[in-house]
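J.: Give me the fold of what follows.
(2 chains)
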There are 2 protein chains.
Amino acid sequence: MDFWFEFGSPYSYLSSMRLPALAQQAGMAVNYRPFLLGPIFQQQGWNDSPFVLYPAKGAYMWKDMAREAAKYGLPFRRPTVFPRWAILPSRIALAHKDAPWIATFVQAVMQLNFVHDRDIDNETAMREVLQALDLRPQTEHIIRLAQSYGIKQQLREQTARAQALGMFGAPNFIVNDEMFWGNDRLTDALNFVPSFAPTSDQSRTILGESL
Amino acid sequence: MDFWFEFGSPYSYLSSMRLPALAQQAGMAVNYRPFLLGPIFQQQGWNDSPFVLYPAKGAYMWKDMAREAAKYGLPFRRPTVFPRWAILPSRIALAHKDAPWIATFVQAVMQLNFVHDRDIDNETAMREVLQALDLRPQTEHIIRLAQSYGIKQQLREQTARAQALGMFGAPNFIVNDEMFWGNDRLTDALNFVPSFAPTSDQSRTILGESL
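T.: Residues are numbered from 1 along each chain as shown, chains lettered A, B, ... in the order given. Got it, this is the predicted structure:
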């Protein structure tokens, strides 16, 4: 499963907390795919989060988030700044998407934003998270790498790819090219079995077995 | 439970089909509350459904609807006209919100739109639905009543009330003043138990009992 998320997105927080245990139960590997919603919102003609632009929608979302967090037994405090910028943590996550600590890093940053109401788009916050993950020796290297041209460019490309895949919000889950949007679809995505559409190779195998 | 729905709303179709059996299981009575999304969308600055205005969101929604309908074992065909106007059926539903046939009427109109791909905002379609519900003797009266000034005014007021309640889409479920938006929240709404927040009357009773 590809897990496309935004550190500023409330429902991405819920999914990032639920995902590791659920994916393990389902026996599914998770690829972490951080991206930025800002450029995607701009493309839709929005200069801010739709939760800010449409107050009725925003008011409902905060109520729903509190209920949903309680439903899943997760701590939650409404951030005083919304949406929070998350360029530096996104670059770090992208540069280390295959690191053994990626799931824990994503959860720690999400909790900083949605539980501790702290800004996340700065070096101080990132140092704190990385050091808490026992990555003290590598911390400065990780931060410098995240600010390199190559990683900046990779995040721009990843966001363009999100848009090309038809994403308009977060989180999104992709399983066998099938896209699911929203924390509400996480278990559907984990349970997704593609409809039977045999490729020529599969047909041959099946025919071979039945003959 | 108050069930606020729009005949043109795809996810309202899913809820209208699922609701009667689920509400009965939960032992909860349902009040049918038809309203119009058009004026609510206009208030947000949208001159059409957001599924039309934002193509990526719309494309995803149709895919999601097909998957969701399959998940719930419901027939579904993407309407060739979207969103379909539904003023006449909404007026009929409002005028007969307490009729014993209201749940079946709502389902029949929804199916006309989302299974049979038929226009619903005309007398011919409504006659067909009402007659199929064994309401032939009353059919002409029901249609004339729906076109009366009083009912037109009531639907305007109901839509204004939806907006005052903070609605920005459909369906919505209200249980003990708690609003839930979207077919995805139907079971949460049915399971909703208000947090304990004693009024002075309740406190007195509880103290009286424990003393």
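J.: so what's the closest residue to A:Thr187 other than its chain neighbours up against?
T.: Excluding the flanking residues, the one nearest A:Thr187 by C-beta to C-beta, 6 or more residues apart in numbering or on different chains is A:Leu22, at 6.9 Å. For the C-beta atoms, the positions are set from N, CA and C on the backbone; glycine is no exception. Shown in contact with A:Leu22 (C-beta atoms under 8 Å, 6 or more residues apart in numbering or on different chains): A:186-187, A:190.
J.: Now, those residues that are in helices?
T.: Taking DSSP state H as the definition of helices, these contribute A:186-187, A:190.
J.: Tell me the residues of chain A that contact chain B?
T.: Within chain A, the positions adjacent to chain B are A:44, A:54, A:56-57, A:59-60, A:63-64, A:67, A:71, A:163, A:166-169, A:179-181, A:184-185, A:188 by C-beta under 8 Å from any C-beta of the partner chain.
J.: Go ahead and build a PyMOL selection from the buried members of these.
T.: In PyMOL, this line selects whichever of these come out buried by 16 or more other C-beta atoms under 10 Å in any protein chain shown:
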select buried, chain A and resi 44+54+56+57+60+63+64+67+167+168+169+179+180+181+184+185+188
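J.: Narrow the residues of chain A next to chain B to those in helices?
T.: Mapping the residues of chain A next to chain B onto helices (DSSP H) picks out A:56-57, A:59-60, A:63-64, A:67, A:71, A:163, A:188.
J.: Please settle this for me: is A:Arg33 part of a strand?
T.: Yes: A:Arg33 forms part of a strand when assessed by DSSP: H, G, I helix; E, B strand; the rest coil.
J.: all strands of chain A, in order?
T.: For chain A, applying DSSP state E gives strands covering A:2-5, A:31-34, A:172-175, A:178-181.
J.: would you turn these into JSON lines with mean pLDDT and distance to B:Pro75?
T.: As requested, the strands of chain A are exported to JSON lines (pLDDT from 0 to 100; distance: least, C-beta to C-beta, whole Å):
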{"stretch": "strand A:2-5", "mean pLDDT": "98", "distance to B:Pro75": "31"}
{"stretch": "strand A:31-34", "mean pLDDT": "98", "distance to B:Pro75": "35"}
{"stretch": "strand A:172-175", "mean pLDDT": "98", "distance to B:Pro75": "25"}
{"stretch": "strand A:178-181", "mean pLDDT": "98", "distance to B:Pro75": "21"}
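J.: Using CSV, list the CA coordinates for stretch A:87-97.
T.: C-alpha atoms of stretch A:87-97 as CSV (Å, rounded to 0.1, in the frame of the first residue of the first chain):
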residue,chain,number,x,y,z
ILE,A,87,7.8,21.5,4.3
LEU,A,88,10.8,20.5,6.4
PRO,A,89,9.2,17.4,8.0
SER,A,90,7.8,16.4,4.5
ARG,A,91,11.3,16.6,3.0
ILE,A,92,12.8,14.6,5.9
ALA,A,93,10.1,11.9,5.5
LEU,A,94,10.7,11.8,1.8
ALA,A,95,14.4,11.5,2.1
HIS,A,96,14.0,8.6,4.6
LYS,A,97,10.8,6.9,3.3
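J.: next one: that stretch to chain centre, how far?
T.: Stretch A:87-97 has its C-alpha centroid displaced from the chain centroid by 11 Å (C-alpha atoms, centre = their mean, to the nearest Å).
J.: and if you look at stretch A:90-104?
T.: Put simply, stretch A:90-104 sits 11 Å off its chain's centre (C-alpha atoms, centre = their mean).
J.: And for stretch A:33-52?
T.: Offset of stretch A:33-52 from its chain centre (C-alpha atoms, centre = their mean): 14 Å.
J.: same thing with stretch A:78-96?
T.: Relative to its parent chain, stretch A:78-96 has a centroid offset of 10 Å by C-alpha atoms, centre = their mean.
J.: average pLDDT for that stretch?
T.: In this model, stretch A:78-96 has an average pLDDT of 98.
J.: Return the residues in contact with the residue nearest to A:Ile92 when sequence neighbours are not counted.
T.: Distance criterion C-beta to C-beta, 6+ apart; nearest residue to A:Ile92, sequence neighbours excluded, is A:Ala146 at 4.6 Å. A:Ala146 makes contacts with A:88, A:91-92, A:95, A:126, as judged by C-beta under 8 Å, 6+ apart.
J.: quick check, nearest of these to chain B?
T.: If you rank those by distance to chain B using C-beta to the nearest C-beta, A:Arg91 comes first, at 24.7 Å.
J.: Tell me which residues touch the closest one, please.
T.: Under the criterion of C-beta under 8 Å, 6+ apart, the contact list for A:Arg91 reads A:146-147, A:151-152, A:155.
J.: circling back to that earlier point, including distance to B:Gln107, could the strands of chain A go into TSV?
T.: Listed next are those as TSV, based on distance: least, C-beta to C-beta, whole Å:
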stretch	distance to B:Gln107
strand A:2-5	36
strand A:31-34	40
strand A:172-175	31
strand A:178-181	27
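J.: still on that earlier bit, filter the contacts of A:Leu22 to the buried ones?
T.: Buried among these by 16+ other C-beta under 10 Å: A:186, A:190.
J.: ok, A:Phe82 - contacts?
T.: A:8, A:49, A:51-52.
J.: picking up where we left off before, just flag the most distant two among the contacts of A:Ala146.
T.: Across the contacts of A:Ala146, no pair lies farther apart than A:Ala95 and A:Met126, at 11.8 Å, counting by C-beta to C-beta.
J.: Give me the common contacts of the two.
T.: Contact criterion C-beta under 8 Å, 6+ apart; residues shared by A:Ala95 and A:Met126: A:142, A:146.
J.: neighbour count winner among these two?
T.: When A:Ala95 and A:Met126 are compared for neighbours, A:Met126 comes out ahead with 23 against 19, by other C-beta atoms under 10 Å in any protein chain shown.
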